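Student: Provided below for reference: sequence and predicted model.
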Amino acid sequence: MAKTKTVYFCQECGYESPKWMGRCPACHQWNTMVEEKVRPAKSNKHSLGSVSSERKSKPSSINKITTQKEKRIETGMTEFNRVLGGGIVPGSLVLIGGDPGIGKSTLLLQVSSQLAAKQLEVLYISGEESEKQTKLRADRLGISEEELFIMAETNIDDIIDAVENMSPSLVVIDSIQTVYHEAVTSAPGSVSQVRECTGTLMKLAKTKGIPIFIVGHVTKEGSIAGPRLLEHMVDSVLYFEGERHHTFRIVRSVKNRFGSTHEMGIFEMKEEGLVEVSNPSEIFLEERSQGVAGSTVVASMEGTRPMLVEIQALISPTQFGNSRRMATGLDHNRVPLLMAVLEKRAGLLLQNQDAYVKVAGGVKLDEPAIDLAVSVSIASSFRDQPTKPDDCFIGEVGLTGEVRRVSRIDQRVQEASKLGFKRIILPRKNLSGFKGPDGVELIGVDSVQEALKAGLE
């Protein structure tokens with residue numbers, strides 16, 4: 001009988017050590033080493049890198065390699081296609097992560113149904129539900145396509161055999177933490193199992209040209225569980241975000257070898273499943289209060305799509321020695337930075353004020369073009385003076401108080417005009433050679449003082 005030995009793996013990077021260490025020497029993270037018992041196993045036909053291939057790879061000169069435009073597989077969801085970069089790329093390995101109950105399985109089952117409706121064979125493999133349970137969920141969603149095949153399996157050998165015998169157009173594995181490899185003796189979901197199974201699936205996707213979607217669990221910090229190596233192995237990483245107690249869901253791309261990493265798809269969870277939100281700007285602004293201090297609207301870019309979002313600020317005198325700075329939906333370091341600029345350049349005494357800034361609707365914004373809107377909302381709440389309801393603010397604010405140029409100003413202005421905004425305060429540098437749509441007044445500003453004068457006076 002093979003002798004069992006104990007090793008320690010880092011959950012973040014997969015580093016292996018014969019003894020426990022408080023800090024991983026590879027990624028320098030604390031308390032990430034977990035104990036696993038391994039022993040030499042018998043050779044397996046589906047060990048890592050041994051998926052059958054029609055030919056062996058040989059080195060080729062880059063000038064002799066012929067390329068052609070890869071035809072993508074389009075799903076029935078425009079929002080999902082946008083996040084993927086235009087559709088599903090054949091032979092790609094896509095990882096989807098999200099909180100429990102957020103709707104990952106529902107999304108992938110709907111996508112599988114839409115492809116099956118196009119007479120494309122889809123294999124949906126569930127490691128967490130039986131075939132009857134998956135059928136019950138499909139009945140609730142109204143899914144009954146003949147080309148959609150369901151399989152309840154967790155053994156990677158049986159999964160690969162089924163895929164090779166069937167050769168489907170898409171494979172969905174829900175989830176990777178339930179799949180195990182017989183060559184690895186640790187429990188399913190461990191670092192070794194996740195790494196080995198993902199590597200085997202990656203080899204299968206590349207050699208057979210079959211796109212594979214794998215679902216990944218997330219940790220309490222919100223990152224995908226398992227070694228960080230998992231995100232480096234796959235072609236695309238998508239995060240499914242949103243509150244379980246709210247109806248809106250957001251699919252965000254954080255890695256994509258075949259498209260932009262700044263795209264975002266917005267869905268609404270209903271009884272019949274996930275429904276696309278074609279005009280998110282209107283949804284995010286429909287509950288905006290009129291004539292209330294501390295509220296501004298910014299035209300933000302999410303990938304290639306402009307989106308209007310409301311930014312709210314609440315400034316109140318501090319009750320303790322140290323003032324508080326809290327932010328939801330944007331970088332919390334940006335709020336004290338912009339408040340320091342307002343205090344130094346615009347003369348607002350904010351050092352004894354608590355500040356609470358929020359992006360309404362649960363959206364997360366990280367581009368610098370929202371700086372001006374955040375600054376104006378803070379000043380509006382501090383002065384208790386509301387902005388005009390048809391004003392929109394766009395611009396990056398520097399430490400010297402200047403308002404800097406932003407990209408894609410024409411798309412931002414067109415989106416604001418479409419929703420009825422009449423005045424847009426933007427950097428003066430963006431006005432050169434640009435003429436806005438009829439009925440929209442463009443006000444160029446060079447500094448945050450000019451923006452406050454135009455927006456609040």
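Tutor: Right, received. Where do you want to start?

Student: can you list the weak-confidence ranges in the stretch 301-450 of the chain?
Tutor: Within the stretch 301-450 of the chain, no stretch has pLDDT under 70.

Student: So which residues of it form strands?
Tutor: For the stretch 301-450 of the chain, the strands defined by DSSP state E, counting those that start in this stretch cover 305-317, 325-328, 353-359, 391-393, 396-397, 403-404, 423-427, 441-445.

Student: so of these, which one's packed in deepest?
Tutor: strand 391-393 (a mean of 26; mean count of other Cβ atoms under 10 Å). Placement of C-beta: from N, CA and C, glycine included.

Student: Gly101: neighbour count?
Tutor: Residues lying near Gly101 (other Cβ atoms under 10 Å) number 9.

Student: quick one: what helix or strand has it in it?
Tutor: Using DSSP states H and E, Gly101 is not contained in any helix or strand.

Student: How much space separates it from Ile250?
Tutor: According to Cβ to Cβ, to the nearest Å, Gly101 stands 15 Å off from Ile250.

Student: Out of the strands of the stretch 301-450 of the chain, which gets nearest to Gln385?
Tutor: strand 305-317 (11.6 Å; Cβ to Cβ).

Student: residue contacts, Val448?
Tutor: By Cβ atoms under 8 Å, 6 or more residues apart in numbering, the contact set of Val448 is 341-342, 345-346, 372, 375, 397, 401-403.

Student: Just the endpoints, please. Distance across stretch 411-431?
Tutor: 14 Å (Cα to Cα, to the nearest Å).

Student: And the contacts of Val448, which is closest to Thr304?
Tutor: Leu372 (22.0 Å).

Student: which element is the most centrally placed residue in the chain on?
Tutor: Closest residue to the average C-alpha location of the chain: Arg252 at 2.3 Å, with Cα atoms, centre = their mean. Here Arg252 sits within strand 248-256, counting by DSSP H and E.

Student: C-terminal to that strand, what's the next element?
Tutor: strand 264-270.

Student: I would like the residues contacting that following strand, please.
Tutor: Outside strand 264-270, the residues touching it (Cβ under 8 Å, 6+ apart) are 77, 79-80, 82-83, 103, 106-107, 242, 247-253, 274-277, 280, 283, 302-303, 305.

Student: what's the helix ranked longest in the chain packed up against?
Tutor: Taking DSSP state H as the criterion, the chain has its longest helix at helix 191-208. Identification of packing neighbours for helix 191-208 by 3 or more Cβ pairs under 8 Å, 6 or more residues apart in numbering; DSSP states H and E yields strand 5-10, strand 33-38, strand 93-98, helix 156-166, strand 212-216, helix 229-233.

Student: Not counting the third one itself, show me its contacts.
Tutor: What it means is strand 93-98. With Cβ under 8 Å, 6+ apart, strand 93-98 has contacts from 84, 88, 104, 107-108, 176, 198, 201-202, 205, 211-218, 223-224, 230-231, 233-241.

Student: Report the angle between the helix or strand following it and strand 212-216.
Tutor: Using DSSP H and E, the helix or strand that directly follows strand 93-98 along the chain is helix 104-116. Calculated by axes from the mean of the first three to the mean of the last three Cα atoms, to 10 degrees, helix 104-116 forms an angle of 170 degrees with strand 212-216.

Student: how far out from the middle of the chain is helix 104-116?
Tutor: 18 Å (Cα atoms, centre = their mean, to the nearest Å).

Student: do stretch 24-42 as well
Tutor: Worked out by Cα atoms, centre = their mean, stretch 24-42 lies 28 Å from the chain centre.

Student: Isn't Ala293 up against Ile378?
Tutor: No: in this structure, Ala293 is not within contact of Ile378 by Cβ atoms under 8 Å, at 10.5 Å.

Student: Please identify which of these two sits among more neighbours.
Tutor: More crowded of Ala293 and Ile378, by other Cβ under 10 Å: Ile378, with 27 against 18.

Student: Give the bridge partners for the residue nearest to that one when sequence neighbours are not counted, please.
Tutor: Once flanking residues are discounted, Ile378 sits nearest to Ala313: 4.7 Å by Cβ to Cβ, 6 or more residues apart in numbering. Beta bridges link Ala313 to Val357 when assigned by DSSP bridges.

Student: Tell me where the model's unsure across the stretch 151-300 of the chain.
Tutor: 219-228, 243-246.

Student: sorry, back to before: indicate which one of the helices and strands packed on helix 191-208 is closest to Gly361.
Tutor: strand 93-98 (18.1 Å).

Student: And for Gly142, the neighbour number?
Tutor: Neighbours of Gly142 using other Cβ under 10 Å come to 10.
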